[in-house]
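Asker: let's see this in three dimensions:
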Amino acid sequence: MKNKINALLITGGHWYDAEPFFEMISDLESWGNNVEINWTHVSQPLAQDYFKPKKAELFDVFVMYDMPGVTFTGSVPRFSLQEPSEEHKQDFLNLLEFGKPFVFLHHAIASWPTWSEFAEIVGGRFHFVPGELRGESISGSGYRFNVQQEIEVLDTSHPIVKGFSNSFQINDEIYMYTVFEEDVIPLLRNTNFKFIPENFYHGGDDFKSHSEGSDLVAWTKTYKNSPIAYVMFGHGPKVYYDKHYRSLVVNSIKWATSNKTAD
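Answerer: Okay, the predicted model is just below:
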């Protein structure tokens, strides 16, 4: 019998190619032999209602493919930042105290940039606007599209990379960002790309002044009582159809909802 997982998928705040994305999501309902994922999709800002206990308890895991708190203005300044309400912060923190599992994908690491605790929850941050992180001034982060990446699997015994070889290739957008490496369990590392400003053509404000970014592209951690997984990949159709990416998404959900998240 398959293990049924009720997953809340949250989007909104960042453009994505919806048709191939939801084709992937549909395919992942029965990806693998032992799990069935029942998806419910909601977009920001309505998604914030689902952080309330009565709605949140209907789901085994929150899968975050959203980016609230940042608006692309199309003018100068390029970005407008919004603070989450105190009520939403508390709802979020209550879920973490309860132990609700979270899987963060791709641009979700740029969410709520004015809320310092959000970076602690995820394990790092992508900045569109220079800001302060753990008492240090951080320039805008960088991004680059369509990068052919060589990825090292750091622990092939971990459930999220079960069945993976020691390395694999993937083509996707890449980030120059800040990761709290000492506070996460690293799963995947990029080995063929230098995360320095010279190698990035787009980014947040003042991204050319960014210090060398982390080469970690997937990790797990615990925040309060919640298992947390982050996977950097996920920009567009090319990676939506990639078998490694699909496995990473499903395995992250399975790991987060299992009773073996200390592994």
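Asker: my guess is residue 40 contacts residue 6. True?
Answerer: Yes: under the criterion of Cβ atoms under 8 Å, residue 40 makes contact with residue 6 at 7.2 Å. C-betas here are computed from N, CA, C, even on glycine.
Asker: mind listing the shared neighbours of the two?
Answerer: 58-59 (Cβ atoms under 8 Å, 6 or more residues apart in numbering).
Asker: helices of the stretch 51-200 of the chain, start to end?
Answerer: 53-56, 86-98, 116-122 (DSSP state H, counting those that start in this stretch).
Asker: point out the most buried one among those.
Answerer: helix 116-122 (a mean of 19; mean count of other Cβ atoms under 10 Å).
Asker: centre of the chain to that helix, how far?
Answerer: Remark: helix 116-122 is offset 12 Å from the chain centroid, using Cα atoms, centre = their mean, to the nearest Å.
Asker: next one: stretch 231-248
Answerer: Computed by Cα atoms, centre = their mean, the chain-centroid distance of stretch 231-248 equals 12 Å.
Asker: let me know the average pLDDT across it.
Answerer: The average pLDDT within stretch 231-248 is 98.
Asker: what would the helices of the stretch 51-200 of the chain look like in JSON lines with mean pLDDT and distance to residue 176?
Answerer: Listed next are the helices of the stretch 51-200 of the chain as JSON lines, based on pLDDT from 0 to 100; distance: least, Cβ to Cβ, whole Å:
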{"stretch": "helix 53-56", "mean pLDDT": "98", "distance to residue 176": "34"}
{"stretch": "helix 86-98", "mean pLDDT": "99", "distance to residue 176": "27"}
{"stretch": "helix 116-122", "mean pLDDT": "99", "distance to residue 176": "16"}
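Asker: rebuild these as CSV, extending it with distance to residue 194.
Answerer: Below are the helices of the stretch 51-200 of the chain laid out as CSV (distance: least, Cβ to Cβ, whole Å):
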stretch, distance to residue 194
helix 53-56, 41
helix 86-98, 35
helix 116-122, 24
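Asker: quick one: contacts for residue 99?
Answerer: Contacts here follow Cβ under 8 Å, 6+ apart; on that basis residue 99 touches 224-227.
Asker: swap in 7 Å and give it another go.
Answerer: Residues near residue 99 by Cβ atoms under 7 Å, 6 or more residues apart in numbering: 225-226.
Asker: same question for residue 179.
Answerer: Contacts for residue 179 were tallied using Cβ under 7 Å, 6+ apart; they are 123-124, 214, 216.
Asker: so residue 4, which of the three states?
Answerer: Assigned state for residue 4: strand (three-state reduction, DSSP: H, G, I helix; E, B strand; the rest coil).
Asker: per-residue pLDDT, residue 30?
Answerer: Reported pLDDT for residue 30: 86.
Asker: now swap in residue 260 and tell me
Answerer: Note for residue 260: predicted pLDDT of 54.
Asker: rewinding a little: nearest to residue 26, out of the helices of the stretch 51-200 of the chain?
Answerer: Smallest distance to residue 26 across the helices of the stretch 51-200 of the chain (Cβ to Cβ): 22.9 Å, for helix 53-56.
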